[in-house]
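Participant: Provide a 3D model corresponding to the input given below.
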Amino acid sequence: MAELRRRDASLRAHSDSQQTLLTEESPRKGSGRERVVPRRMQYGDISTVYDTMHRANAGDPLQRFLLATSDSAGPHPIRTAARKLLYYVQYATEVHARIAWVVQGGASYMRFGDPFRPKTWLTRAADCAAAAALGWVLTKQQRARRTEFRTKLLTAVHARLGDGARRMVEVAILMTAPECQGRGYASALVRGATGLADAHGVGSFVVSSNVANRGFYRACGFEIVETLWVGDEPTWDGELVPVDLMARELEQGRAKEAEAE
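Facilitator: All right, here's what the predicted structure looks like:
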């Protein structure tokens, strides 16, 4: 146990000092491919990440279910401004907590949950403030749909991953601007998260809100452990929306190293 604590402390120290994640292999000369180097998100990236978020989520089925409600129709300039401010505060908190990474200044962005990095008091305070603010920023129907989704998700995580989920690395948010997709940006970011999980000797998981992304996540080593469905309620006139809970086991080579340690 003491050895495990020392190893975790060493990994945290390495993570704190590390400014770039694992990178793609350097492209061969003449291949036309760029070298993808993720780095920690900085405060100056926030506006770009916010823009990326809006454009990347434009056609996302889950986001449409969560936000496209009858009581949100029409312009709401104050609510829109408040929602933008809430996102900016969230991103600033992620920069402070060092849990967000970007490629090309925010053209691709990932936030991951690191179970080996304790939350600071500022992060906890910001989380509480954001949760309280959502009660005002979201409409009544949006709050109800968000509650439905979170309840079903937490039930699925508990049923399929159990208490072990607390020690797994979660790819919490991953998005890439439409014009930058297909360049390997998201793959490089995910490899950084799964590499961290392997280094800690734990698995990783992701919640995918679009079935079109199944092939991508499978290529990254994730497999579906459960598909939950949302939208079975009277205020939603669309089809049920599938959401995949996907998990990636610790790589065999890393598992043996972790056991040896």
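Participant: can you show me the strands along this protein?
Facilitator: Read by DSSP state E, the chain holds these strands, from start to end of the chain: 39-40, 100-103, 108-113, 169-176, 204-208, 223-230, 241-248.
Participant: dump these to CSV, plus distance to Arg83, mean pLDDT and mean neighbour count.
Facilitator: No exception for glycine: its C-beta is placed from N, CA and C like everyone else's. Below are the strands of the chain laid out as CSV (distance: least, Cβ to Cβ, whole Å; pLDDT from 0 to 100; neighbours: other Cβ atoms under 10 Å):
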stretch, distance to Arg83, mean pLDDT, mean neighbour count
strand 39-40, 25, 96, 16
strand 100-103, 19, 97, 23
strand 108-113, 18, 96, 24
strand 169-176, 16, 97, 22
strand 204-208, 21, 98, 22
strand 223-230, 21, 97, 16
strand 241-248, 21, 98, 21
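Participant: can you list the ones you listed in JSON lines and add distance to Phe149?
Facilitator: Compiled in JSON lines, those are given as follows (distance: least, Cβ to Cβ, whole Å):
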{"stretch": "strand 39-40", "distance to Phe149": "29"}
{"stretch": "strand 100-103", "distance to Phe149": "22"}
{"stretch": "strand 108-113", "distance to Phe149": "18"}
{"stretch": "strand 169-176", "distance to Phe149": "14"}
{"stretch": "strand 204-208", "distance to Phe149": "10"}
{"stretch": "strand 223-230", "distance to Phe149": "5"}
{"stretch": "strand 241-248", "distance to Phe149": "7"}
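Participant: nearest to Lys140, out of those strands?
Facilitator: For the strands of the chain, distance to Lys140 was read as Cβ to Cβ. The smallest value, 17.0 Å, belongs to strand 223-230.
Participant: put the alpha carbons of the closest one into CSV.
Facilitator: Included here for strand 223-230 are C-alpha records, laid out as CSV according to Å, rounded to 0.1, in the frame of the first residue of the first chain:
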residue,chain,number,x,y,z
GLU,A,223,-16.2,-0.8,-26.1
ILE,A,224,-19.9,-0.3,-25.4
VAL,A,225,-20.9,-1.6,-22.0
GLU,A,226,-24.4,-0.2,-22.0
THR,A,227,-26.5,2.0,-24.3
LEU,A,228,-29.1,4.1,-22.4
TRP,A,229,-32.0,5.9,-24.0
VAL,A,230,-33.5,9.3,-23.2
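Participant: select, out of the strands of the chain, the one closest to Leu134.
Facilitator: Go through the strands of the chain one by one with Cβ to Cβ and the one that ends up closest to Leu134 is strand 169-176, at 15.8 Å.
Participant: from the contact counts, what lies against the closest one?
Facilitator: Using 3 or more Cβ pairs under 8 Å, 6 or more residues apart in numbering; DSSP states H and E as the contact definition, the elements that strand 169-176 packs against are helix 46-56, strand 108-113, helix 185-200, strand 204-208.
Participant: which residues are in contact with that strand?
Facilitator: Here strand 169-176 makes contact (Cβ atoms under 8 Å, 6 or more residues apart in numbering) with 52-53, 56-57, 107-115, 185-186, 189-190, 193-194, 196-197, 200, 202-206.
Participant: what about 6 Å?
Facilitator: When contacts are defined by Cβ atoms under 6 Å, 6 or more residues apart in numbering, strand 169-176 is touched by residues 52-53, 56, 108-113, 185-186, 193, 196-197, 204-206.
Participant: over to stretch 86-98?
Facilitator: 41, 43, 46, 49-50, 100, 111, 123, 126, 130, 133, 137.
Participant: want to throw the helices and strands packed on strand 169-176 into CSV with distance to Trp229?
Facilitator: CSV is the format used below for these (distance: least, Cβ to Cβ, whole Å):
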stretch, distance to Trp229
helix 46-56, 23
strand 108-113, 24
helix 185-200, 25
strand 204-208, 13
